[in-house]
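Engineer: how would this look folded up:
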Amino acid sequence: MQQTLPHSRTPSTEGIKYIGSKLKLIPQVLELIKKVNAETILDGFAGTTRVSQALAKLGYTVICNDIAPWSKIFGTCYLLNTKPREAYQPLIDHLNAVSPVNGWFTEHYGGHANGGCAIQADGLKKPWQLHNTRKLDAIRQEIETLNLNPVDKAVALTSLILALDRVDNSLGHFSAYLKDWAPRAYKELVLEVPEIFTSDDAHQVFQSDIFELVPRVSVDLAYFDPPYGSNNEKMPPSRVRYAAYYHLWKSVVLFDKPDLFGKAKRRKDTSDPFAASIFEEFRRNDDGRFIAVDAIARLIRETQARWILLSYSSGGRATAEQLNEVMQRNGELIATVELNYKKNVMAGMRWTDEWIDTAEKPNREFLFLLEKNDCVNFVSYA
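Structural biologist: Numbers count the residues shown, from 1 in each chain. Here you go, the predicted structure:
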């Protein structure tokens, strides 16, 4: 049994409700990274940026990347900020004071209380009540009007998203909404200054396809937590894609008022033809290999890092066997751990097929620390 970092040594982080969030894994991720002499780290699928935030607070130099525009906003807010937290209070106070208006968000996503029922006259459920979408419309327009610099705008947008997350009517994603209003949906939308911090390290934030990014950066260690989809081949791909789950955050950030479709009023650019991710693809190629596993193999090969830390959510024995083969071909495993959330422990495992037997059971979570066969001591990045 390995010891995890004491709670007091795990930096606090901030984020939204997020399927696949690594909040509970942060102590274990940090413990594994401590096993190697890494100074620069790529967080390749940053999501809410909680891991990037923790790494930056511990003094690592972080390259934060995710294809989602709202993730870039979070990364810019937390990693590129150079001001004390109190410096943003006047901006947040100003945004809280704007008068509510009816706008695009209210038209499509605002609902009447209806005695507790979120189903509206058009037959659709809504993610927010009208009093909050009217504030959203006003605040989002004001952020645009103020013409803020990129970091200040990122702080404002992060504050807005965090506030919206506190009053939404969902289970943590926006592919469907609750039939009855959640108690938090009745609360008032109030912005707060995010829990930002300053750092002396030269962090970088990207919004890039991972395969376009990894040839351009060299780091000591890369942490990859790809957006694994469902292994149920009968499930529609759009039900497991992160672009579909978090389309509303994209609309809040871009403020582009896109064309919409479906009962959840998703952006058309999050539909299946436009929002596919190879890592969310659990079908097989013509050779009988899982497409997602081949993508992981390519990612490991092309990443310019000495060490790779990979998160893996098991989907069945076949996938586990193929991933096991990929890792054995590409490096030496330093540590393998299985995460057991119910017991809040991290179980050490030998570099054998032991983990494959465990992975036969559904919904298992693993972390692999790999030293690449072709490793070079990368100590800088471009």
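Engineer: switch to C-alpha atoms for all contacts and neighbour counts from now on
Structural biologist: Fine.
Engineer: Mind listing residues that contact the helix or strand harbouring Leu310?
Structural biologist: Using DSSP states H and E, the secondary-structure element containing Leu310 is strand 304-313. Counting by Cα atoms under 8 Å, 6 or more residues apart in numbering, strand 304-313 makes contact with 33, 214-215, 217-226, 228, 300, 363-372, 374-378, all of which sit outside it.
Engineer: Neighbouring strands of it in the sheet, and parallel or not?
Structural biologist: In the sheet containing strand 304-313, its partner strands are strand 218-224 (parallel), strand 365-372 (antiparallel), by DSSP bridges.
Engineer: Could you look over those and pick the most buried one?
Structural biologist: Here the criterion is mean neighbour count by mean count of other Cα atoms under 10 Å, and of the strands paired with strand 304-313 the winner is strand 218-224, at a mean of 25.
Engineer: Let me know the next secondary structure element after that one.
Structural biologist: For strand 218-224, the succeeding helix or strand toward the C-terminus, using DSSP H and E, is helix 242-245.
Engineer: and the next element down the chain from the strand holding Leu310?
Structural biologist: Tracing the chain C-terminally past strand 304-313 and defining elements by DSSP H and E, one meets helix 317-330 next.
Engineer: Figure out how far that following helix is from the centre of its chain.
Structural biologist: 25 Å (Cα atoms, centre = their mean, to the nearest Å).
Engineer: Kindly report the same for stretch 101-112.
Structural biologist: On Cα atoms, centre = their mean, the centre of stretch 101-112 falls 26 Å from that of its chain.
Engineer: quick one: buried residues of it?
Structural biologist: Neighbour counts using 16 or more other Cα atoms under 10 Å place 101-106, 109-112 of stretch 101-112 among the buried residues.
Engineer: Pick out whichever of these sits closest to Pro194.
Structural biologist: The shortest gap between Pro194 and any of the buried residues of stretch 101-112 belongs to Phe105, at 22.9 Å (Cα to Cα).
Engineer: residue boundaries of the helices in the stretch 251-382 of the chain?
Structural biologist: The residue ranges that make up the helices of the stretch 251-382 of the chain, judged by DSSP state H, counting those that start in this stretch, are 291-302, 317-330, 354-359.
Engineer: export these to a markdown table and tack on mean neighbour count, distance to Glu142 and mean pLDDT?
Structural biologist: Conversion of the helices of the stretch 251-382 of the chain to a markdown table gives the following (neighbours: other Cα atoms under 10 Å; distance: least, Cα to Cα, whole Å; pLDDT from 0 to 100):
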| stretch | mean neighbour count | distance to Glu142 | mean pLDDT |
| --- | --- | --- | --- |
| helix 291-302 | 18 | 41 | 88 |
| helix 317-330 | 17 | 48 | 77 |
| helix 354-359 | 16 | 50 | 59 |
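Engineer: so Trp181 makes contact with Lys187?
Structural biologist: No - the pair Trp181 and Lys187 fails to qualify as a contact (Cα atoms under 8 Å) at a distance of 11.1 Å.
Engineer: Which one's more surrounded, these two?
Structural biologist: Neighbours per residue, other Cα atoms under 10 Å: of Trp181 and Lys187, the larger number sits with Trp181, 26 against 14.
Engineer: can you pull the contacts of the more buried one?
Structural biologist: Applying Cα under 8 Å, 6+ apart, we find Trp181 in contact with 113, 116-118, 169.
Engineer: Could you turn the buried ones of those into a ChimeraX selection?
Structural biologist: Buried members of these, identified by 16+ other Cα under 10 Å, are gathered into one ChimeraX selection as follows:
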select :113,117,118,169
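Engineer: quick one: contacts for Ile19?
Structural biologist: Ile19 sits next to 172-173 when contact means Cα under 8 Å, 6+ apart.
Engineer: So for this structure, the centremost residue is which one?
Structural biologist: Closest residue to the average C-alpha location of the chain: Gly47 at 1.6 Å, with Cα atoms, centre = their mean.
Engineer: I'd like the distance between it and Asp225.
Structural biologist: Computed as Cα to Cα, to the nearest Å, the Gly47 to Asp225 distance reads 9 Å.
Engineer: now swap in Gly288 and tell me
Structural biologist: Applying Cα to Cα, one obtains 24 Å for the distance of Gly288 from Asp225.
Engineer: When those two are compared, which one has more neighbours?
Structural biologist: With other Cα under 10 Å as the criterion, Gly288 and Asp225 differ in neighbour count, and Asp225 comes out ahead with 21 against 8.
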